[in-house]
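**Student:** 3D, please:
(chains A and B)
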Number of protein chains: 2
Amino acid sequence: MSSSVLKFGGSSVSSLEKVKNIADYLKGRVEEGEQLVVVVSAMGKTTDELMAQVDSITESPNEQDLAVLLTTGEQQTISYLSIILNDLGVKSKPLTGYQAGIETVGHHLKSKISKINTDLFEQLFGTYDVLIVAGFQGFNGDNEITTLGRGGSDTTAVALAAAHQCPCEIYTDVAGVYSTDPRIYSEAKRLDVVSHEEMMEMSALGSGVLVSRSVEIAKNYNIPIYLGKTLSEEKGTWIMTTDMLEKKAVTGVALDEDMIHVTLNYPENDTQLLDELFINLEQKEVNVDMISQIANNEGLQLSFTMKDTEEDQIQKIFSHLKQDYPELYFKIENRFVKVSLIGSGMRDMTGVASRVFRTLIESGISFYQVTTSEISISYVVDAENGEEAARLLCEGFEL
Amino acid sequence: MSSSVLKFGGSSVSSLEKVKNIADYLKGRVEEGEQLVVVVSAMGKTTDELMAQVDSITESPNEQDLAVLLTTGEQQTISYLSIILNDLGVKSKPLTGYQAGIETVGHHLKSKISKINTDLFEQLFGTYDVLIVAGFQGFNGDNEITTLGRGGSDTTAVALAAAHQCPCEIYTDVAGVYSTDPRIYSEAKRLDVVSHEEMMEMSALGSGVLVSRSVEIAKNYNIPIYLGKTLSEEKGTWIMTTDMLEKKAVTGVALDEDMIHVTLNYPENDTQLLDELFINLEQKEVNVDMISQIANNEGLQLSFTMKDTEEDQIQKIFSHLKQDYPELYFKIENRFVKVSLIGSGMRDMTGVASRVFRTLIESGISFYQVTTSEISISYVVDAENGEEAARLLCEGFEL
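**Tutor:** Numbers count the residues shown, from 1 in each chain, chains lettered A, B, ... in the order given. Below is the predicted model of the structure:
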């Protein structure tokens, strides 16, 4: 059996017409002897429409209930695609997350895949040539329906490829991975190949193409991922093990927009407050990013950055803490971006950090926090300077 | 635990506003100490909208695929209702057919419930006060999603009540069961109580309130069913064991509209043709109703009635048979109705059939076929005479 996992995202399946085009393409591949696993998202605006209904009911819907609701979007897409394929004479079967054996753990709306039943597909490929799996969903140990959170359908696809040890092809509106966002730097180049590690950094640092958890799974199971443009001849990017590649110091620049910056002051001896803060952040699954702490006259000052999508959550956490700690002072500022340089060559090359410092200083762009990893450096700058910083760095490093 | 199964049909849940009203009502009952199983249908026109999309793809969608699609309608309703209940502080959990342990056998779109996992609800009532089950759906031995066909949500409700040995309340637009359709005979009376048997006959003979398979389950497991108007003070009808009731000869008149009449002629010695016909009818799950056979000059003439919703199917079957038996002659006529009198008292009383004959003959209404059961008599008449026949019989038997 020659098989691959293919994933088609929201805009690739935004209308029945587009779903039909995908079905035609899949038919062609089956006729060439392949057996395919196809992962699809909800069609177009389906999820937004369901959420609009929920918003008209309550601000804080029960998470279990919401997972049951939202998963109907993908369930409809798998049905339509399978109806079309069967109508074209391609033996196809739609599978919900539960039916595909995708077991998860964790919060209902931010679950992680814990196990995939691999025997099932082997068996079904005895009867069917295309297995269509609803992305973004699974079920937990209590037999409850769960969703995988942001980028969930990509994660479904990569996890299925990992479990079945086959390549994964992810199709979106964009042809592959660029050295930086082409909307920011028009001379940005499409990369033929990036390593799993580089892609993980790029994803974690804000490149919207693929969430880093998906790339991490692919890296752990050594699965190649092809990122391409849906139904296009245009060449995409392979994410794969790249021991054979010549290393450049910097392969890409990523821009993580819509960051907020949170500052709080507290007495030096009051560690209880911090404890409670971090327990709350963990329970609500709020991700904080760059953390730093300094001492000043009034005690200690802690600051961190996070995505502004979670601003409501952090506001709630602070309002709650304020009741127990009336002396707590906090400030939430928005309109920041994080600019990051990524390249596995950074490990062996020096001078990258100082070149960035120089570039930013020469152009008069202030930066607030800096963090580094083995293969990346990130700077927080004012939102209005983000794109210019990215452009300057692309030019500086010839990307 | 004091528990009941409540079912709310399509028009009771046609908008979020109506779903909210139902949630308020359920909250009141939970506050009185009840634990409830609630079965809901798809909201308003959801199923029609999904089918319209399918119709734009193909005339003959794969049945497995279609079941996966259509069940999303009920899955959305259970989610919304549970979001609202949890928001009101009522501990509620939504369950798809699979999660509710509703096992089925048979065709994907016309499945029959074979087994219900009863331990599950006992356990869940330890945590939740309302379990919301998606009506109309289940899963088969291959872990595939199935639907229960016409009246499926009622069947879900009654089967759950049977499995858990508790009463079943079915809420619709109509307050209970009438001696005949009030639109036909304005003086029709609402019945306080009917027996399971009478209700089965009334349902089988065209009274649209409840499908007979649901009543049959209730009868077999001796479950009382209350049929009432959604969120209304108006009294409904109990369907229950009625040994204590004084028997009337006739309790109701049912009208089964949109019947077609099929006639075919075939040589006396050609039983192969009939064999094939009935095998085809069984495979396509086409229900034929009143069957009669007479000999004429050219051989034998078989005729039967059936619902006109299955006219396409029967046309296909005959077209197919015609290829193998070119000499086959068949005729499909529509515009007939079946008028039936139902009453468990008929068993012990004589003269009902002759009174009906006299009534119809005096008013000049021709009838074509007559069948009787222990507690009913049915007549096929021309569609344009159906309502008048029903009215005359209601008057004649003082219903």
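
**Student:** quick one: buried residues of stretch A:88-98?
**Tutor:** Buried residues in stretch A:88-98, counted by 16 or more other C-beta atoms under 10 Å in any protein chain shown: A:Val90, A:Lys91, A:Ser92, A:Lys93, A:Pro94, A:Leu95, A:Thr96, A:Gly97, A:Tyr98. For glycine as for every other residue, the C-beta is placed from the backbone atoms N, C-alpha and C.

**Student:** which among the residues you listed gets closest to A:Gln293?
**Tutor:** Closest to A:Gln293 out of the buried residues of stretch A:88-98 is A:Gly97 (41.2 Å), distances taken as C-beta to C-beta.

**Student:** for the closest one, give me the pLDDT.
**Tutor:** Looking at A:Gly97, its pLDDT stands at 96.

**Student:** now do the top helix by length along chain A against helix B:63-87, angle only.
**Tutor:** Under DSSP state H, the helix in chain A containing the largest number of residues is helix A:63-87. Per axes from the mean of the first three to the mean of the last three C-alpha atoms, to 10 degrees, the angle that helix A:63-87 makes with helix B:63-87 is 170 degrees.

**Student:** anything in helix A:63-87 near chain B?
**Tutor:** Yes - for helix A:63-87, a contact with chain B is found by C-beta under 8 Å from any C-beta of the partner chain, at A:64-66, A:68-69, A:71-72, A:75-76, A:78-80, A:82-84, A:86-87.

**Student:** next, the residue nearest to the spatial centre of chain A: phi, psi?
**Tutor:** The residue lying closest to the centre of chain A (C-alpha atoms, centre = their mean) is A:Val211, at 2.0 Å. Dihedral pair for A:Val211: phi -70, psi 150, per degrees, to the nearest 10.

**Student:** give me the pLDDT value at it.
**Tutor:** pLDDT, A:Val211: 81.

**Student:** ok, now the one 3 residues further on?
**Tutor:** In this prediction, A:Ser214 carries a pLDDT score of 89.

**Student:** my guess is it contacts A:Ala161. True?
**Tutor:** No - here A:Ser214 does not reach A:Ala161: they are 9.9 Å apart, not a contact under C-beta atoms under 8 Å.

**Student:** what is in contact with these two at once?
**Tutor:** A:Ile225 (C-beta atoms under 8 Å, 6 or more residues apart in numbering or on different chains).

**Student:** coming back round to it: now the closest residue to the residue nearest to the centre of chain A other than its chain neighbours, what are its backbone angles?
**Tutor:** If the residues on either side of it in the chain are set aside, A:Val211 comes closest to A:Gly151, at 3.0 Å by C-beta to C-beta, 6 or more residues apart in numbering or on different chains. The phi/psi pair for A:Gly151 (degrees, to the nearest 10) reads phi 70, psi 20.

**Student:** neighbours around A:Gly151, how many?
**Tutor:** Neighbours of A:Gly151 under the rule other C-beta atoms under 10 Å in any protein chain shown: 20.

**Student:** residues in contact with it?
**Tutor:** A:Leu210, A:Val211, A:Arg213, A:Ser214.

**Student:** let's have the buried residues of stretch A:88-98 in JSON lines, adding distance to A:Leu131.
**Tutor:** Output for the buried residues of stretch A:88-98, formatted as JSON lines (distance: C-beta to C-beta, whole Å):
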{"residue": "A:Val90", "distance to A:Leu131": "11"}
{"residue": "A:Lys91", "distance to A:Leu131": "10"}
{"residue": "A:Ser92", "distance to A:Leu131": "8"}
{"residue": "A:Lys93", "distance to A:Leu131": "6"}
{"residue": "A:Pro94", "distance to A:Leu131": "8"}
{"residue": "A:Leu95", "distance to A:Leu131": "6"}
{"residue": "A:Thr96", "distance to A:Leu131": "12"}
{"residue": "A:Gly97", "distance to A:Leu131": "13"}
{"residue": "A:Tyr98", "distance to A:Leu131": "14"}
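
**Student:** leaving out sequence neighbours, find the closest residue to the residue in the stretch 251-399 of chain A that chain B sits nearest to.
**Tutor:** Closest contact between the stretch 251-399 of chain A and chain B, by C-beta to the nearest C-beta, is at A:Lys316 (16.7 Å). In this structure, A:Lys316 finds its nearest non-sequential neighbour in A:Lys284, 7.9 Å apart by C-beta to C-beta, 6+ apart.

**Student:** pull the contacting residues for the one you found.
**Tutor:** A:Gln313, A:Lys316, A:Ile317.

**Student:** among the residues you listed, which ones are buried?
**Tutor:** A:Ile317.

**Student:** how about the residue located most distally from the centre of chain A, phi and psi?
**Tutor:** For chain A, the residue at maximal distance from the C-alpha centroid (C-alpha atoms, centre = their mean) is A:Asn297, at 40.4 Å. Phi and psi for A:Asn297, reported as degrees, to the nearest 10, are phi -60, psi -40.

**Student:** from A:Gln272, how far out is it?
**Tutor:** Look at A:Asn297 and A:Gln272: by C-beta to C-beta, to the nearest Å, they are 22 Å apart.

**Student:** please apply the same query to A:Gly106.
**Tutor:** A:Gly106 is 27 Å from A:Gln272, where distance means C-beta to C-beta.

**Student:** so which of these two has more stuff around it?
**Tutor:** More neighbours surround A:Gly106 than the other of A:Gly106 and A:Gln272, with 15 against 11 (other C-beta under 10 Å).

**Student:** chain neighbours aside, what residue packs nearest to the more buried one?
**Tutor:** Closest to A:Gly106 by C-beta to C-beta, 6+ apart is A:Lys112, at 5.1 Å.

**Student:** and for the one you found, the neighbour number?
**Tutor:** Neighbours of A:Lys112 (other C-beta under 10 Å): 15.

**Student:** please name the bridge partners of it.
**Tutor:** A:Val105 (DSSP bridges).

**Student:** ditto for the one 4 residues further on
**Tutor:** When bridges are assigned using DSSP bridges, the partners listed for A:Ile116 are A:Ile102.

**Student:** ok, it touching A:Leu95?
**Tutor:** No - contact criterion C-beta under 8 Å: A:Ile116 and A:Leu95 do not qualify, at 11.8 Å.
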